[in-house]
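J.: Need the 3D shape of this:
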Amino acid sequence: MESFEGSQPDYTPDVWEIVVVTDHTTGESTRRVLAGWYGGYLGSDSWQLSSGIVDEKPAEKYTDYHNHSGSVYRCYHASRRMSSLTHSIFTRLAEGQTKTLTITVEKG
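T.: From the prediction side, this is the model:
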């Protein structure tokens, strides 16, 4: 496995959750970070779904999730929840699932 020592996070979301995308035709599941950021007074909220977790490095207050694309999400344990935006995105993704492809929230 690759060494990720010394890597810096590319993203530090305000809120986050781990979702599992399962392809029932192949039996493969991919864990992804569903990340959200608050836009503040003049900005708008935003979200992103990671490419798929390949490694995780837990620390006392956060976990760094390393993804297929090479990006690193630093997710603070106290921020593990959904915002209204990320909940809305998750709901839309879940409503679009089929018998062969499902998305669920990982129990944390």
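J.: contacts and neighbour counts: CA atoms only from here.
T.: Noted.
J.: buried sites along stretch 16-31?
T.: By 16 or more other C-alpha atoms under 10 Å, the buried positions in stretch 16-31 come out as 16-23, 29, 31.
J.: Mind listing residues that contact it?
T.: Identification of contacts with stretch 16-31 by C-alpha atoms under 8 Å, 6 or more residues apart in numbering yields 32-36, 52-53, 75, 79-82, 99-106.
J.: How far off centre is stretch 86-104?
T.: Distance of stretch 86-104 from its chain centroid, counting by C-alpha atoms, centre = their mean, to the nearest Å, is 14 Å.
J.: what is the rounded mean pLDDT of it?
T.: Throughout stretch 86-104, pLDDT has a mean value of 93.
J.: which SSE is the residue nearest the centre of the chain in?
T.: Residue closest to the average C-alpha location in the chain (C-alpha atoms, centre = their mean): V33, at 0.7 Å. In this structure, V33 sits in strand 28-37 according to DSSP states H and E.
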